[in-house]
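Visitor: build me a model:
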Amino acid sequence: MKWIFLFVIAPIGFACTPFLDPSLYQNGDILLQDLRGSFGESVENTTESAFSHVGLVRVDSKQKVFIVEATTPFVKETPLVAYLKRTRSKAALVRIQNLDPQVANTAVHRAMTHVGKTYDRHFVLNEVSSLYCSELIYDAYLNGLGLNVFPVKPMDFSNNLEYWQKWFGSHPIPQGELGLSPQDTYNFPRSQIVLEAECKHPKQSLFHSLHPL
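Guide: Predicted structure coming up:
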């Protein structure tokens with residue numbers, strides 16, 4: 001009798017398991033993450049923050065959770081699990097306190113009007129032919145409702161300047177221009193933390209078994 005070895009690589013766990021419960025989410029919530037890769041690390045270093053990306057939560061009629069986000073190459077709606085898989089090590093779900101549900105719904109509707117627009121690599125606030133991630137959140141509440149929720153401040157790219165010179169290329173770095181970072185949405189006094197947790201990467205384990213032929 002001959003035997004055959006079967007090797008199976010099986011994933012163990014999920015990167016952001018605490019965030020998978022759909023009952024956690026409401027329309028208009030804000031989901032932050034630290035992205036993998038050099039861009040995410042550069043945003044975090046530049047803004048001295050824990051997060052480099054942010055999106056707006058939309059819960060559909062079947063209670064499925066989607067994230068409306070401005071990312072490369074364009075603004076899109078991303079299923080929750082796909083969004084979380086890009087997280088390097090940490091995520092946070094925040095909610096604006098004392099916010100009427102209808103106001104939140106209107107903000108989500110405004111964000112959805114931008115789906116398909118290009119990602120704004122130059123970080124120009126209040127010019128919505130293209131948008132960057134936190135600008136989408138800002139615009140959703142400001143122009144969707146006339147609600148000036150998030151204060152903006154001058155951007156400073158002096159940290160990690162070499163990276164940003166490459167990022168902007170021939171385009172002038174918008175040093176001192178008004179902008180909003182993902183961390184600013186987290187730090188906003190009316191932002192209530194619903195859940196904040198470390199995210200572990202799925203590990204893989206090698207199993208083998210013997211089967212007779």
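Visitor: for the protein, which segments count as helices?
Guide: 38-47, 80-84, 101-112, 133-145, 161-168, 182-187 (DSSP state H).
Visitor: I'd like those written out as a markdown table, with mean neighbour count, distance to residue 93 and mean pLDDT added.
Guide: Yep, even glycine has a C-beta here, placed from its N, CA and C like the rest. Formatted as a markdown table, the helices of the chain follow (neighbours: other Cβ atoms under 10 Å; distance: least, Cβ to Cβ, whole Å; pLDDT from 0 to 100):
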| stretch | mean neighbour count | distance to residue 93 | mean pLDDT |
| --- | --- | --- | --- |
| helix 38-47 | 18 | 18 | 94 |
| helix 80-84 | 18 | 10 | 96 |
| helix 101-112 | 18 | 14 | 93 |
| helix 133-145 | 23 | 13 | 89 |
| helix 161-168 | 14 | 28 | 95 |
| helix 182-187 | 20 | 10 | 92 |
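Visitor: adding distance to residue 151, write those helices out as CSV.
Guide: Conversion of those to CSV gives the following (distance: least, Cβ to Cβ, whole Å):
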stretch, distance to residue 151
helix 38-47, 15
helix 80-84, 26
helix 101-112, 17
helix 133-145, 10
helix 161-168, 23
helix 182-187, 8
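Visitor: mind checking which of those is nearest residue 199?
Guide: Smallest distance to residue 199 across the helices of the chain (Cβ to Cβ): 7.2 Å, for helix 80-84.
Visitor: quick one: contacts of the closest one?
Guide: Contact with helix 80-84 is made by 14-16, 19-20, 22, 25, 31, 33, 55, 64-67, 69, 91, 199, as judged by Cβ atoms under 8 Å, 6 or more residues apart in numbering.
Visitor: buried ones only from the residues you listed, please, as a ChimeraX command.
Guide: In ChimeraX, this line selects whichever of these come out buried by 16 or more other Cβ atoms under 10 Å:
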select :14,15,16,19,25,31,33,55,65,66,67,69,91,199
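Visitor: narrow the contacts of helix 80-84 to those in strands?
Guide: Counting by DSSP state E, the contacts of helix 80-84 place 31, 33, 55, 65, 66, 67, 69, 91 in strands.
Visitor: surely the fifth one meets residue 55?
Guide: No. Using Cβ atoms under 8 Å, residue 66 is not in contact with residue 55; the gap is 9.0 Å.
Visitor: overlap in contacts of the two?
Guide: Common neighbours of residue 66 and residue 55 (criterion: Cβ under 8 Å, 6+ apart): residue 78.
Visitor: find the nearest non-adjacent residue to residue 54, please.
Guide: residue 182 (4.0 Å; Cβ to Cβ, 6 or more residues apart in numbering).
Visitor: so what's the one you found up against?
Guide: When the contact criterion is Cβ under 8 Å, 6+ apart, the partners of residue 182 are 32, 43, 47, 49, 51, 52, 53, 54, 133, 134.
Visitor: could you list the low-pLDDT ranges of the protein?
Guide: For the chain, the stretches flagged by pLDDT under 70 are 1-15, 144, 146-148, 201-213.
Visitor: which non-adjacent residue is nearest residue 120?
Guide: Spatial nearest neighbour of residue 120, chain neighbours left out: residue 130 (4.0 Å); criterion: Cβ to Cβ, 6+ apart.
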